[in-house]
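Engineer: Generate coordinates for the sequence data below:
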Amino acid sequence: MQEWYTISYSVFLGLAGIFFTLFTVIYALIDNKKTMVNFLTDLRKQGTASPRQEADWKYWTKFISTLRNFNRHVLALFVISMIMSTIFIALYILKIAESRLTIILVIFEVSTIIYITYAFIRFVGIYHKNMKD
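Structural biologist: As a prediction, this is how the structure comes out:
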């Protein structure tokens, strides 16, 4: 049981690091594109935006919205990973080994894997959709 706790908290801690990195990268992309969208919004308000700039504004606004939505999933996965890692560390340190608790934790682990799979499939779907446009 203790080995399982060690493996699980290591995996969840590693996943938390990956999700934190993804969150910051996506946030940086959003922040970078917001500057462009703000510039294009000003041009639109002044009525001096070209048709190309109007199209860019529409595309980047949708792109930012999509990235924000995806980043919410990444942030949720980061929080879940940190919580699960903390739980496993506490169980390891306190040397708690109860069968009901183990079943609940396995269910949470499987649920997390399903959520990660869902987020990944959604990300790939968004990628393919954006590559077609």
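Engineer: in this structure, which spans are helices?
Structural biologist: Applying DSSP state H to the chain gives helices spanning 2-46, 51-94, 99-132.
Engineer: I'd like to know which elements the first one is packed against.
Structural biologist: The elements that helix 2-46 packs onto, with contact taken as 3 or more CB pairs under 8 Å, 6 or more residues apart in numbering; DSSP states H and E, are helix 51-94, helix 99-132. (Each C-beta comes from the backbone N, C-alpha and C, glycine too.)
Engineer: same thing with the second one?
Structural biologist: In terms of contacts (3+ CB pairs under 8 Å, 6+ apart), helix 51-94 is packed against helix 2-46, helix 99-132.
Engineer: could you dump the helices and strands packed on helix 2-46 to a markdown table with mean neighbour count, distance to residue 8 and mean pLDDT?
Structural biologist: Below are the helices and strands packed on helix 2-46 laid out as a markdown table (neighbours: other CB atoms under 10 Å; distance: least, CB to CB, whole Å; pLDDT from 0 to 100):
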| stretch | mean neighbour count | distance to residue 8 | mean pLDDT |
| --- | --- | --- | --- |
| helix 51-94 | 15 | 5 | 89 |
| helix 99-132 | 12 | 7 | 84 |
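Engineer: got JSON lines for these, with distance to residue 4 too?
Structural biologist: As requested, the helices and strands packed on helix 2-46 are exported to JSON lines (distance: least, CB to CB, whole Å):
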{"stretch": "helix 51-94", "distance to residue 4": "9"}
{"stretch": "helix 99-132", "distance to residue 4": "8"}
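Engineer: With residue 30 as the reference, name the closest of these.
Structural biologist: Evaluated over these, closeness to residue 30 peaks at helix 51-94, with 5.1 Å, by CB to CB.
Engineer: tell me how far that closest one is from the chain's mean position?
Structural biologist: Put simply, helix 51-94 sits 3 Å off its chain's centre (CA atoms, centre = their mean, to the nearest Å).
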